[in-house]
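**Q** Below are the sequence and a predicted model for it; my questions follow.
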Amino acid sequence: MWSYVVRRTLYNIPIFLGIILVLMLLLRVNDPVYAFLGKNPTAEQIELKRAELGVDRPFLAQYAEFLLPIEFTDDGAKWSGSVFGFAERSWYREAQVGDIVKPSIMPSLSITVPALALSTTLAVCIGLVSAANRGRLLDRVLVFLAVIGMSISFLVFIIFGQYFGAYWLSEKLGVELFAVRGYEGHAPEVWNFPLNWPKYCLLPVLISVIVTLGYDTRFYRSVIVEQSTSDYIRTARAKGCSERRVMLKHLLRNAMIPIITRVMITLPFVVVGSLLLEVYFSIPGLGQTLYTHVTNKDFPVTQTIVAVLAILFIATNILTDVLYALVDPRVRLS
Amino acid sequence: MARKHATTTPDNSPTDLLAARAGAARPQGFFDLPGVRKFIRNRPAVFALAVITVFFATALAVMIPPGLIPFDDVTERVGPGKLPGFGIQAPQSTRLDHAERLLGEVEKALDASNPEEALSRLGFAEREVFSTDPDIVGEHLDDAYAIFDELDELLIEQDDAIIALDDELDADEPDQATIDDLRAQAAALDQPIADKLGALEAAVAEIIPVPDSPAYKLRLLLGTDAQGRSIFLRAVYAVKTAVQIGFVTAVLAVLIGGVLGAAAGYFGGWIDHCVVWLYSTVSAIPYLVWLIVIAYVVREAPYRVPVIDKPIGQTLIPVYIAFVMTFWVGPCRVLRGEAMKIKGLDYVQSATAVGAGPVRILMCHVLPNTLYLLFINFSLLFVGAIKAEVILSFLGLGVQGQPSWGVMIRDSKDEVITAFFWQIGAATAFMFVLVLAFNILSDALQDAFDPKHVG
């Protein structure tokens, strides 16, 4: 298995290099220097700023510095001890990139992980119910509802969710159940987090679940329907298994591979998938940080966040394959 | 004759099969294809197709000069802000606010250095001041203000009663008789206030008459947004924006992705490696990140679009580029797999045997047989583009300077807090119909043409 993991990792290196290459090239289409200077800067000022930001050096040198723990100085290459720009200074805020990126991971996770777990569980359950009643009224209603949910914009769910969940509810009940915006998960102390979580995170989680439920339900339903036409299901029924046993034991187990694939594929995406929620509810997560720093021409932070996301994606990809082998004895890693 | 017979009876009896085989030598008509027949039998799908046609026709009508809706119509004020649609009356406080503001604007015009000119400029769209003579308007204005003052007194009286009622309710020992009395007092004033407000609005309407024309009624059909612009006209104009974005990005992404994917699957080798590397690179990062980065970079580029002579940031080009660069991956993946499968089929082999070159086989044999996949992907990408536009517009990286559903939903963010739902409702409803139609269409296309699809 380990040789497989190593091989897959090697195979993914060009993809990682490609992501960073494309991103760094894209960012450098426009000269970033002017955004940090006043009106009508002199040529000297421009040169100084360029040197200060480090964009005066050849592109390949910048690329190599980002990827490898080395640093190019006038005397040649030197060990710098940090990769992926974690130790660089942000261009937008007076801070190190690592100090901006690291604290934003926790708020993102506290929304996306519960949302993903909840929506997957719910969607698999609804998918099972729908597939068990395939073609009947209940199934049609559920599929129709899913399509309707897919046809409404994410943003509309967020706006109405915030209005009715946070604003209208507290107006009617007089109880402030959810915060309208903001995030103080760790206030006043870190261990208050579980107590603070519902107030700041539950509403975004619920909105996110409602939005993804339509897509997930349809996907899991079709997976289950596909499985339910296979021979082993007919055999199970023929030997007299109860419908419940067929569905929960035989079918669900075999549907595990597509379910795992989907969860694992969406895992790195949910981190930024909550970008809109974070921006709207002003939660200082990865998505909001990325958005703020892209639109303020902060290359170091943007590059580091994208690198983190890419590594996350590649890691989950490899993990998925390993999980396959654990779930399904027929899959061999070779 | 034999062929015609075969096409009119869908169930294949042996004689029909023979007849069909006899006709198979001739090219079959489009409507005879089994997939097309299955699609036409799907009622909701045909209905969805009709809805999409209506939307496309609207978009074309707006786009082709002189245009169904002139651009000025979607930016000009047609009435007071946040007016509800369908002629529903706004809440009392809003109505009072509107009347007060209109009177204020007339007063300001009368005080101007050239009142006649100021009065002639006053008004919303087709709604204008009845006379530009300052004396006559001044007389009417005084009358209106007299009514306004009377109304004000009534409101103050009611307010006093309500405050007294609140005090009494909060008192240590509330007296039921006093409470009932105050409640009755406040309630008794409701009708006079409503009457007075009606009279005030009538007085205002005398100075600035509400036109009876259907065109003006249409403008107010779905109310006005916070800036007093017609929500209906903006929502209809946004059909053009949405169709434009959806169509351009879906066509380009499907073409680029389709050709790359088919080439990768068919030729294999280093072309395949390059294409797979390219799409893995794009798809390893959440598409929203690419969208934000690309849209932002292109918007800020110091480049003027030649023909219309605008900076690139004020056109739809950044949106197109961002969408095409991210969305081509879907069709590319599907087409690559399909091309790999088709490559080994007999008819491609025989084409090679006859001496067809690889490009000819790709263009004439492989791509046409994956046409249904291109259509399904077009439909999926169209929906994806419309929905992504809303997200980009909310983040300020999307459509600039023209109405779109995304811009409308973004603008309505502040209106929702004041419980005004007309703008967000209109934009959502328009978008919902189009996206739902496309969702039904893609499902039906998959049902009819994709043998692997599970219904």
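**A** That came in fine, so what should we check first?
**Q** What about A:Val301, how many residues nearby?
**A** A:Val301: 28 surrounding residues under other Cβ atoms under 10 Å in any protein chain shown. The way it works is simple: take the backbone N, C-alpha and C, and place the C-beta from them, glycine included.
**Q** which helices and strands does the helix or strand encompassing it pack with?
**A** Secondary structure from DSSP states H and E places A:Val301 in helix A:299-327. On a contact count with 3 or more Cβ pairs under 8 Å, 6 or more residues apart in numbering or on different chains; DSSP states H and E, helix A:299-327 meets helix A:2-27, helix A:97-101, helix A:256-273, helix A:286-294, helix B:287-300.
**Q** Just send these back as TSV, with mean pLDDT and mean neighbour count too.
**A** Below are those laid out as TSV (pLDDT from 0 to 100; neighbours: other Cβ atoms under 10 Å in any protein chain shown):
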stretch	mean pLDDT	mean neighbour count
helix A:2-27	89	16
helix A:97-101	86	20
helix A:256-273	76	20
helix A:286-294	90	24
helix B:287-300	89	23
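**Q** for those helices, which one sits closest to A:Leu202?
**A** helix A:256-273 (16.3 Å; Cβ to Cβ).
**Q** now the angle from that closest one to helix B:287-300?
**A** Using axes from the mean of the first three to the mean of the last three Cα atoms, to 10 degrees, the direction of helix A:256-273 lies 40 degrees away from that of helix B:287-300.
**Q** how about helix A:256-273 as PDB, C-alpha atoms only?
**A** Extracted as PDB, the C-alpha positions of helix A:256-273 are listed here (Å, rounded to 0.1, in the frame of the first residue of the first chain):
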ATOM      1  CA  MET A 256     -20.400   3.100  -0.300                       C
ATOM      2  CA  ILE A 257     -17.800   3.600  -3.000                       C
ATOM      3  CA  PRO A 258     -19.700   6.300  -4.900                       C
ATOM      4  CA  ILE A 259     -20.700   7.900  -1.600                       C
ATOM      5  CA  ILE A 260     -17.100   8.000  -0.300                       C
ATOM      6  CA  THR A 261     -15.900   9.400  -3.700                       C
ATOM      7  CA  ARG A 262     -18.400  12.200  -3.600                       C
ATOM      8  CA  VAL A 263     -17.700  13.100   0.000                       C
ATOM      9  CA  MET A 264     -14.000  13.000  -0.500                       C
ATOM     10  CA  ILE A 265     -14.100  15.000  -3.700                       C
ATOM     11  CA  THR A 266     -16.300  17.700  -2.100                       C
ATOM     12  CA  LEU A 267     -14.100  17.800   1.000                       C
ATOM     13  CA  PRO A 268     -11.500  20.300  -0.100                       C
ATOM     14  CA  PHE A 269     -14.200  22.200  -2.000                       C
ATOM     15  CA  VAL A 270     -16.400  22.800   0.900                       C
ATOM     16  CA  VAL A 271     -13.600  24.800   2.600                       C
ATOM     17  CA  VAL A 272     -14.000  27.500   0.000                       C
ATOM     18  CA  GLY A 273     -17.600  26.500  -0.900                       C
END
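**Q** what does the stretch 151-300 of chain A put close to chain B?
**A** A:151-156, A:159-160, A:163, A:167, A:222, A:225-226, A:268-269, A:271-273, A:275-276, A:279, A:287, A:290-291, A:294-295 (Cβ under 8 Å from any Cβ of the partner chain).
**Q** Residue 253 sits in which helix or strand?
**A** This is for chain A. Using DSSP H and E, the element containing A:Arg253 is helix A:252-254.
**Q** other chain: chain B
**A** According to DSSP H and E, B:Ala253 maps onto helix B:231-267.
**Q** and the helix or strand following that helix, which residues are buried?
**A** Next in sequence after helix B:231-267, counting helices and strands by DSSP H and E, comes helix B:269-283. Within helix B:269-283, the residues scored as buried using 16 or more other Cβ atoms under 10 Å in any protein chain shown are B:272, B:275-276, B:278-283.
**Q** so which residue of the stretch 1-150 of chain A comes closest to chain B?
**A** A:Gly18 (3.8 Å; Cβ to the nearest Cβ).
**Q** list the contacts for the nearest residue to that residue once chain neighbours are set aside?
**A** Sequence neighbours aside, B:Thr281 is the residue nearest to A:Gly18 in space, at 3.8 Å (criterion: Cβ to Cβ, 6 or more residues apart in numbering or on different chains). Neighbouring residues of B:Thr281 by Cβ atoms under 8 Å, 6 or more residues apart in numbering or on different chains: A:15, A:18-19, A:22.
**Q** quick revisit: can you put the helices and strands packed on helix A:299-327 in CSV and add distance to A:Ser110?
**A** Shown next, in CSV, are the helices and strands packed on helix A:299-327 (distance: least, Cβ to Cβ, whole Å):
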stretch, distance to A:Ser110
helix A:2-27, 26
helix A:97-101, 16
helix A:256-273, 12
helix A:286-294, 12
helix B:287-300, 19
